[in-house]
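Participant: Sequence and computational prediction follow.
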Amino acid sequence: MNSLRFLGIIPARYASTRFPGKPLADISGKTMIRRVYEGASEILPDIVVATDDRRIFDAVSSFGGNVLMTSENHHSGTDRCFEAYTKLQKNVDVIINIQGDEPEIHAEQIKLLQNCFTDPQTEIASLAKRITQDDGICPLSNPNHVKTVIDRHHYALYFSRSVIPHFRRPVDENEQIVRHTYYKHIGLYAYRSDILAEITQLPPSSLEQVESLEQLRWLENGYKIKIAITDIESIGIDTPEDLKQLKKRLRLADSVG
């Protein structure tokens, strides 16, 4: 794996229906995008922010980060990553798509993605975390938390906002978690460069449109997604309320420390 060349790309757009300007939100004196950038830089020496907004561009430049302007018309972070990769013209084997709204990203999660590519058959890789009774933050019925099922070789069979698999007989959530292993999808992706070029040319699929999950387009077209299992919770900031909860956790951690 040491011979593989990795490029980290953080797609970041300013316009967000639920949280406009989210990448520039302040978290204890640092913008969210800076926290993501610095966290990913712990393991990826080659990393860039791909944005469609001059304010984000200037913010990243101000702390010395690498940043690139991209189109306003992309419908997904994957498409934005491909434009950035194309413009950079870097000779890399794997592109890692790092979510710009997860300021608590761990280097260990990126390492897990990298390790997936020791298998030359891996086309796309992502992460999942087992759902336990102690989580509290990911009830099975919450459609904002995507679930996945995987095969015996750790390839994804499907992703859904619904509970999968579904118990035929009525069972409450706690009993479901005890009786079956459920996985929450962690939205970090890595793609071989040639595969990234291919999947960005695919038209939207029916499953993707129903669930509003772009990874279903890839599965529906026959691509395989390797899933590495992490025990680290990954919490995205989707709304101002999510940000308030994060700041509260950070304050509590500081007071304990």
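Facilitator: Cool, got the structure.
Participant: any idea which strand is longest in the chain?
Facilitator: Longest strand in the chain, counting residues (DSSP state E): strand 183-192.
Participant: need the next SSE after that one, C-terminal direction.
Facilitator: Downstream of strand 183-192, the first helix or strand assigned by DSSP states H and E is helix 193-199.
Participant: Where does pLDDT dip in the stretch 1-150 of the chain?
Facilitator: Counting by pLDDT under 70, the stretch 1-150 of the chain has low-confidence residues at 1-2, 135-138.
Participant: Next, Arg249: secondary structure please.
Facilitator: Secondary structure for Arg249, judged by DSSP: H, G, I helix; E, B strand; the rest coil, is helix.
Participant: circling back: what strands flank the longest strand of the chain, and is each parallel or antiparallel?
Facilitator: Strand 183-192 has the following strand partners under DSSP bridges: strand 94-97 (antiparallel), strand 124-130 (antiparallel), strand 147-150 (antiparallel).
Participant: Quick one: closest of those to Leu213.
Facilitator: Among the strands paired with strand 183-192, strand 147-150 comes nearest to Leu213, with 9.9 Å by Cβ to Cβ. All C-beta atoms are positioned from the backbone trio N, CA, C, and that covers glycine.
Participant: ok so, going back, just the strands paired with strand 183-192: most buried one?
Facilitator: Of all these, strand 94-97 has the most neighbours on average by mean count of other Cβ atoms under 10 Å, namely a mean of 24.
Participant: Quick one: residues in contact with that strand.
Facilitator: With Cβ atoms under 8 Å, 6 or more residues apart in numbering as the test, strand 94-97 has contacts from 4-9, 11, 44, 77-78, 81, 85, 110, 113-114, 117, 188-193, 196.
Participant: For those residues, which ChimeraX command selects only the ones that are buried?
Facilitator: Here is the ChimeraX selection string for the buried members of the contacts of strand 94-97, based on 16 or more other Cβ atoms under 10 Å:
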select :6,7,8,9,11,44,77,78,81,85,110,113,114,117,188,189,190,191,192,193,196
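Participant: ranges for the strands of this structure?
Facilitator: Secondary structure of the chain by DSSP E: the strands cover 6-12, 26-27, 30-31, 47-51, 67-69, 94-97, 124-130, 147-150, 156-160, 183-192, 225-229.
Participant: now the helices for this structure?
Facilitator: Here the chain has its helices, by DSSP state H, at 32-41, 54-62, 77-88, 107-116, 173-179, 193-199, 206-211, 215-220, 240-256.
Participant: What helices and strands are in contact with the first one?
Facilitator: The contact analysis (3 or more Cβ pairs under 8 Å, 6 or more residues apart in numbering; DSSP states H and E) places helix 32-41 against strand 6-12, strand 47-51, helix 54-62, helix 107-116.
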